[in-house]
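J.: Predicted model follows, preceded by the sequence.
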Amino acid sequence: MNRREFTASLAAVGFLPTLPIATQAVATTAPTVPAGAYAWAHLIARAQTKCSPAMLARQLHLSPEVARHLFNTMISDGVLKAPSAAGIATATKPINATGTDHSLARRLHSNLKGALDSNLPRTQERVQSREPPLAKDAEPCLGCDTPQTEDLRDASTNQSVQESPERG
């Protein structure tokens, strides 16, 4: 083994906990799952976005064997993705943390924008038909109408930095 292979194997060991592992089916009798536990486990997994058998046992007050069976059932039903090496699985369809459906919000936004855009020309016509504004336009005598031709690149000593009123 040369140095490159050794370094690559060390880097691979660092990513090992993030890789999903396949669960092995055990040919034993399935423990009895209390009524409603699957529905609660499904909701908890989607709300927390991550799930483990230990978390299910703690949240639903189940034995570790029942929690493991429930966890494997949820993986086989497609509620959870395959667990990582740490034993934590992520939900396939997690619930949005804000509680809002973004697709609904996008549709409402586009509907509202379309309604406002269709009413905008009529609103502009009403504003233009009213009396003139109270503020006057800038008068050309102030020198605002002629732009400065070119700024000097460097300040020289014969130019004043700022004209200020005399003191006192």
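T.: The structure has been received and is ready for your questions. Numbering: from 1, shown residues only.
J.: for this structure, what are the low-confidence residue spans?
T.: 1, 16-17, 19, 21-28, 97-102, 119-168 (pLDDT under 70).
J.: what ranges do the helices span in it?
T.: For the chain, helices defined by DSSP state H occupy the ranges 3-14, 37-48, 53-60, 64-77, 102-129.
J.: Ok, which of these comes nearest P94?
T.: Proximity to P94 (C-beta to C-beta) singles out helix 37-48 among these, at 5.5 Å. From N, CA and C alone the C-beta is placed, and that goes for glycine too.
J.: thought A54 was touching L70?
T.: No: taking contacts as C-beta atoms under 8 Å, A54 lies outside contact range of L70: 11.9 Å.
J.: ok, these two, which is more surrounded?
T.: The residue with more neighbours, out of A54 and L70, is L70; 26 against 14, by other C-beta atoms under 10 Å.
J.: Who's the closest spatial neighbour of the more buried one, skipping the chain neighbours?
T.: A41 (5.2 Å; C-beta to C-beta, 6 or more residues apart in numbering).
J.: mind listing what H61 touches?
T.: Going by C-beta atoms under 8 Å, 6 or more residues apart in numbering, H61 touches no other residue.
J.: can you check L62 too?
T.: Counting by C-beta under 8 Å, 6+ apart, L62 makes contact with 34, 37, 56, 70.
J.: Give me the buried entries from those residues.
T.: 37, 56, 70 (16 or more other C-beta atoms under 10 Å).
J.: Just put these in a markdown table and tack on distance to N96.
T.: What follows is those, written out as a markdown table (distance: C-beta to C-beta, whole Å):
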| residue | distance to N96 |
| --- | --- |
| A37 | 24 |
| L56 | 22 |
| L70 | 24 |
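J.: follow-up on the earlier one: switch the helices of the chain over to a markdown table; also include distance to I88.
T.: Listed next are these as a markdown table, based on distance: least, C-beta to C-beta, whole Å:
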| stretch | distance to I88 |
| --- | --- |
| helix 3-14 | 17 |
| helix 37-48 | 10 |
| helix 53-60 | 8 |
| helix 64-77 | 10 |
| helix 102-129 | 26 |
